[in-house]
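K.L.:
Predicted model and sequence below, questions to follow.
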Amino acid sequence: MALIAIDHERGLLTAEFQGLDKLWTLKSRLEIPLAHVRGATHDPGIAREPKGVRVGGTHVPGVITAGRFRRDGERLFWDVKNPDKAIVIELSDA
């Protein structure tokens with residue numbers, strides 16, 4: 001699981017990975033400037049989308065997708081175990 005927080009003072013969106021997610025994603029946290037955040041939506045269907053090529057992380061189909069991927073020239077970061085709880089954060093210039 002990732003804990004998402006917004007720090008308006010520093011202008012950052014922070015995703016702090018908990019428990020084994022640190023291992024699966026190969027990250028303990030992500031910090032994203034709020035200026036780069038275009039929006040966020042609940043999207044359970046995203047888990048059915050193509051993941052791309054795994055660059056670093058874990059992918060066990062139907063169980064977990066976590067870490068860095070590349071698809072169609074884009075960099076993607078996944079941390080999805082339960083698609084019903086999936087949140088997509090769309091970024092620009094990042």
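P.N.:
All right, it came through fine. Numbering: from 1, shown residues only.
K.L.:
Relative to G62, how far out is A86?
P.N.:
14 Å (Cβ to Cβ, to the nearest Å). Where you see a C-beta, it was placed from the backbone N, CA and C, and this is true even at glycine.
K.L.:
okay, these two: which has more neighbours?
P.N.:
Using other Cβ atoms under 10 Å, the more surrounded residue of A86 and G62 is A86, with 18 against 7.
K.L.:
Confirm for me that that one is in contact with D43.
P.N.:
Yes - using Cβ atoms under 8 Å, A86 makes contact with D43 at a distance of 5.6 Å.
K.L.:
how many other residues sit next to the closest residue in space to A35 that isn't next to it in sequence?
P.N.:
Nearest non-adjacent residue to A35, counting by Cβ to Cβ, 6 or more residues apart in numbering: G11, 6.9 Å away. The tally of other residues near G11 (other Cβ under 10 Å) stands at 12.
K.L.:
what does the one 10 residues further on give?
P.N.:
Residues near D21, counting by other Cβ under 10 Å, number 21.
K.L.:
and if you look at the one 3 residues further on?
P.N.:
By other Cβ under 10 Å, 20 other residues sit near W24.
K.L.:
Good, wrapping up.
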